[in-house]
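Participant: This is a predicted model, with the sequence first.
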Amino acid sequence: MIGVGEAFSPRYAQARQKFLQGCASAGLAVRSHVHPRKGREGEALAMDVALDGEAKAENLLIVSSACHGVEGHCGSGVQAFALHDAEWREKARDQGVAVLYVHALNPYGFSYSRRVTHENVDLNRNFLDFSQPRPVNEAYARLHPLLLPDEWPPTPANQAEIGSLIEREGLGFYQAAVTRGQYQFADGLFYGGDAPTWSNRTLREVLRTHAGGARRIGWIDFHTGLGPSGIGERIFAGRDDKAAYARANAWWGTAAAPVTSMYDGSSTSAFLTGLMCYALDDECPQAEHTSIALEYGTLSMLEVTQALRADHWLHKHPEAPAELAAAIRSQMLETFYTDTDAWRGQVISQARQAMFQAVDGLAS
């Protein structure tokens, strides 16, 4: 067992090392899918994958981190802690559930404190059939010039115009317009891309290799940035399937705190397009899927959006002064990773409960 604080890391390179050390101590082989770029510190980047359990297990739980790069500090901490957690590993083994750890789905964003991939794509909006016309987010198109102004910090006039829009249309409209996913502005926020990203293609390979024979699959994907600080909202991840949603609630929900869904408006998340969980339909059609995003709150939605605006502005303006660039990167880290023992403790306790519940659900 390691301490809660020891499991978390403020930098990708440290997080990866802790994951690899955890796999070694658990006696697990790691397959590293090396990313084509180097990290901010010149380090190698990779999507690292380890299977704890039988390769041909019928019941498989996927535990993944860093779909949205900078959010990986949270999920990586959970994974590192779990690899040293003898009670957890014994629980899964005794129930006949294999656990597939996928560390750093988007290692580039993790290293560079960005939410997006090196293609400037939101990975969780990138799982579409790109041979078909892509969804059009008309509301975002209206906002794009306001969200990414020519100068940063934005002028008082820019902020006032956004404030006026929120007052007129409502905060829900603003959140949905910005976060739903858009495919028109490659330099914009929540851009879903025009082709599958490296992370998309690599994850599909991982699923085919390790989950192609499973009969039942559970998936917990860790995120940060929505909701009250330290509270892990269990958000249904999948297509609008009543049976799958009912299973998710049976596994993870309670009468007081049911699993939420973007389909019925109960989630803090808006309705989204191109979700990563859709890959299970393509790569593992033989299995019954039950998935959630475990989303931990950090700051308010407006503060999160402001940090993302700054990050994308910096991406468009690499000539920005070093001091401003450093401040924007620090803001991103602080927005998606709350560096306190209390927050980390909340993350681990809720994640551990959800993982135990998933094993019970898969084995039932």
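Facilitator: Yes, it's here. Numbers count the residues shown, from 1 in each chain.

Participant: How many residues are close by Gly297?
Facilitator: Other residues within reach of Gly297, judged by other C-beta atoms under 10 Å, total 21. C-beta coordinates here come from the backbone N, C-alpha and C atoms, glycine included.

Participant: Report the beta-bridge partners for it.
Facilitator: Ser229 (DSSP bridges).

Participant: where does it sit relative to Ala66, distance-wise?
Facilitator: 18 Å (C-beta to C-beta, to the nearest Å).

Participant: swap in Glu43?
Facilitator: Taking C-beta to C-beta, one finds Glu43 at 15 Å from Ala66.

Participant: Who has more neighbours out of the two?
Facilitator: When Glu43 and Ala66 are compared for neighbours, Ala66 comes out ahead with 32 against 16, by other C-beta under 10 Å.

Participant: Test my guess that the more buried one contacts Tyr112.
Facilitator: No - judged on C-beta atoms under 8 Å, Ala66 makes no contact with Tyr112 at a distance of 11.6 Å.

Participant: Show me whatever sits in contact with both of the two.
Facilitator: Residues touching both Ala66 and Tyr112 by C-beta atoms under 8 Å, 6 or more residues apart in numbering: none at all.

Participant: number of nearby residues for Phe185?
Facilitator: Residues within reach of Phe185, counting by other C-beta under 10 Å, total 17.

Participant: Name the nearest residue to Tyr108, ignoring sequence neighbours.
Facilitator: Nearest residue to Tyr108 in three dimensions, chain neighbours excluded: His118, at 4.3 Å (C-beta to C-beta, 6 or more residues apart in numbering).

Participant: For burial, what's the neighbour tally of that neighbour?
Facilitator: His118 is flanked by 20 other residues according to other C-beta under 10 Å.

Participant: quick one: it from Gly109, how far?
Facilitator: Distance, His118 to Gly109, by C-beta to C-beta: 8 Å.

Participant: Spatially central, which residue of the protein would that be?
Facilitator: The centroid of the chain falls nearest to Cys67 when counting by C-alpha atoms, centre = their mean (3.7 Å).

Participant: OK, contacts around the residue lying closest to that one once chain neighbours are set aside?
Facilitator: In space, not counting the residues next to it along the chain, Cys67 is nearest to Leu105; the distance is 4.7 Å by C-beta to C-beta, 6+ apart. By C-beta under 8 Å, 6+ apart, the contact list for Leu105 reads Met47, Ser64, Ser65, Ala66, Cys67, Leu123, Ser199, Leu203, Met276.

Participant: go with 7 Å
Facilitator: Met47, Ser64, Ser65, Ala66, Cys67, Leu123, Ser199, Leu203 (C-beta atoms under 7 Å, 6 or more residues apart in numbering).
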